[in-house]
Structures are given as structure tokens and as C-alpha cells.
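>>> turn this into a model:
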Amino acid sequence: MKKSILFLLFTLPLFAFADSYQGEAGAAQMAGDFFTDFWDLMTNDVPSVAQRFWAWVVIKAVEIKLYITLETIKFSWGVAKAILENFQVASRITAQINNLSPDIRQFFIDTKFVDALMVVINAHATRYVMRFLG
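Presented below is the predicted three-dimensional model:
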């Protein structure tokens, strides 16, 4: 059944007949249709194409800027991580925490204060490196 319907659709002669212009009135109508179509092209289609083109350009520019920003953050984090390792920040904080009394040390461990402090220090170091790149 499906094959026969497809066969009929492909073989059935469906003609599209255009307007037939005859005489002086037909010539005037043809000229009017031409100018109407040309006016429609200039007032609707060309601005639409230009708007879509510039929207595409802006979208691509934003995507490229976000990609560059992401890669800059990754690079900055790598540099900041190297700086923190060179200054041995984590080992110095751990050494200072070990100098505290056992109760206070256990409080800092239970509340994960040291981990939070390291996150803040890492963020500040990364921001410091990003200021050089930006």
C-alpha cells in the first residue's frame, strides 16, 4: 500500500501554473509584481539576512570569549598551584596547626577549617595570577 502511494506521488504529473500576463494590463501587472517583489526583498529579506548574520557573529564571538576565559582560568590555576607548591603553603599551615593544642587541632580537623582555608588561598592565588593575564 505504501509503495503504491509513493509511486503515485512520484509519477502523478502535478503542474504549477504561473500567472499568465496578456495584453497591456498583463504587462502592467507583471511590472507591478516585479516592483512589489523587489520592494519585499529589500525591506524584508535583506534586513532579515543581515540580522541573522550579525546574530551569528555575536554568538560566535561570545563562545570564543568564554572558551578563552575558561582556558585562561585553567592556565592560571596551574601557575597558582606551582606558586603555592614553591612557597610550601600547605605544609606551613599544617605545621602551624600541629603546634596548637590537641583540642583546637581536632576542632579544626572536624570542621574542615584547614580545607576551607586552602580553597580560599588557592582562589586568591589564582585571581592574583589572572590579573597578570587579563
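>>> show the model's pLDDT score for Asp19.
What the model reports for Asp19 is a pLDDT of 66.
>>> distance of the residue nearest in space to the middle of the chain from Ala123?
The residue lying closest to the centre of the chain (CA atoms, centre = their mean) is Glu63, at 3.8 Å. Computed as CB to CB, to the nearest Å, the Glu63 to Ala123 distance reads 26 Å. Every residue, glycine included, has its C-beta placed from N, CA and C.
>>> how close does the residue nearest to the centre of the chain get to Thr72?
Counting by CB to CB - Glu63 and Thr72 are separated by 15 Å.
>>> do Ile59 as well
Distance from Ile59 to Thr72, by CB to CB: 20 Å.
>>> same question for Gly23.
71 Å.
>>> mind checking how far the host helix or strand of His124 is from the chain centre?
Using DSSP states H and E, His124 maps to helix 113-133. Helix 113-133 sits 26 Å away from the centroid of its parent chain (CA atoms, centre = their mean, to the nearest Å).
>>> that helix packs against which elements?
helix 46-87, helix 89-98 (3 or more CB pairs under 8 Å, 6 or more residues apart in numbering; DSSP states H and E).
>>> right, I'll leave it there.
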